[in-house]
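A.B. asks: task: produce atomic coordinates for the following.
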Amino acid sequence: MNTAAAKQAIRKEYLAKRKALSPETMQQLNAALMAQCSRLALGDPSYIHLFLPIAAKNEVDTWPLADWLRAQFPRARLVLSRSFIATGDMQHFVWDAGTQLIENALGIPEPEGGEPVQPRLLDVVFVPLLAFDEAGHRVGYGKGMYDGFLRQCKPDVLSVGLSLFGPLPGPIADAWDGDVPLRAAVTPEKVYYFKDEKR
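C.D. replies: Here you go, the predicted model:
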């Protein structure tokens, strides 16, 4: 693709691209992405929301990122979500040593429960994605759950997409006003920051 493309086509292409990555390549890309994450300007966060990877879909490995965040920001509390696909709702809980993780039907490790956290308290949200463009629009799995979640966060929350690939060569053709653009995206090669025009 070298022009604007629609989400459905992008989703299909990037799912295939990720699936084709060998374990060795995945390890290299994740290590490089982690090195780039260490360059992020996160300020002095109190609450950092993270997602855990679906291993079967070759998602970004965020387990090392969680370890780094705990070491780098010892006063910050990490937060994970439980997703309810049928309703599109997400509930958010502190992730600490006592948190019990269970895999949901999609293979996502999620907290069984714990101390709830309201979205407006979050300072940083790491966002899963399949692809993103140079305006900060992203393509996910098509459920719209993270857009709904990010709209509940405070206006200045730092939303950071994590991608194994660089930005799309053209804009997402069917991005619309209900999409919440990212403030930043991290790839194995670079950290991208986006203008705040639609938050």
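
A.B. asks: this protein: helices as residue ranges?
C.D. replies: 7-19, 23-37, 63-72, 145-152 (DSSP state H).

A.B. asks: give me the buried positions along stretch 18-28.
C.D. replies: 18, 26 (16 or more other CB atoms under 10 Å). Every residue, glycine included, has its C-beta placed from N, CA and C.

A.B. asks: quick one: it to chain centroid distance?
C.D. replies: Taking CA atoms, centre = their mean, to the nearest Å, one finds the center of stretch 18-28 at 19 Å from the center of the full chain.

A.B. asks: bridging residues for the residue nearest to the spatial centre of the chain?
C.D. replies: By CA atoms, centre = their mean, the mean C-alpha position of the chain lies nearest to Val127, the distance being 1.6 Å. Beta-bridge partners recorded for Val127 (DSSP bridges): Gly161.

A.B. asks: tell me how far it lies from Gly178.
C.D. replies: In this view, Val127 and Gly178 are 16 Å apart by CB to CB, to the nearest Å.

A.B. asks: show me what the top strand by length along the chain is packed up against.
C.D. replies: Secondary structure of the chain per DSSP state E: the longest strand is strand 77-84. Judged by 3 or more CB pairs under 8 Å, 6 or more residues apart in numbering; DSSP states H and E, strand 77-84 is in contact with strand 47-49, helix 63-72, strand 89-94, strand 109-111.

A.B. asks: quick one: closest of those to Gly136.
C.D. replies: strand 47-49 (17.5 Å; CB to CB).

A.B. asks: the closest one pairs with which strands?
C.D. replies: Applying DSSP bridges, one finds strand 47-49 paired with strand 77-84 (parallel), strand 124-128 (parallel).

A.B. asks: most tightly surrounded among those?
C.D. replies: Counting by mean count of other CB atoms under 10 Å, strand 124-128 has the highest mean neighbour count of the strands paired with strand 47-49, with a mean of 23.

A.B. asks: what's in contact with it?
C.D. replies: 42, 45, 47-51, 53, 59-60, 62, 65, 138, 140, 146, 149-150, 153, 157-162, 182 (CB atoms under 8 Å, 6 or more residues apart in numbering).

A.B. asks: that one to strand 89-94, inter-axis angle?
C.D. replies: 130 degrees (axes from the mean of the first three to the mean of the last three CA atoms, to 10 degrees).

A.B. asks: chain center to strand 124-128: distance?
C.D. replies: 4 Å.

A.B. asks: do the same with stretch 129-146
C.D. replies: 9 Å.
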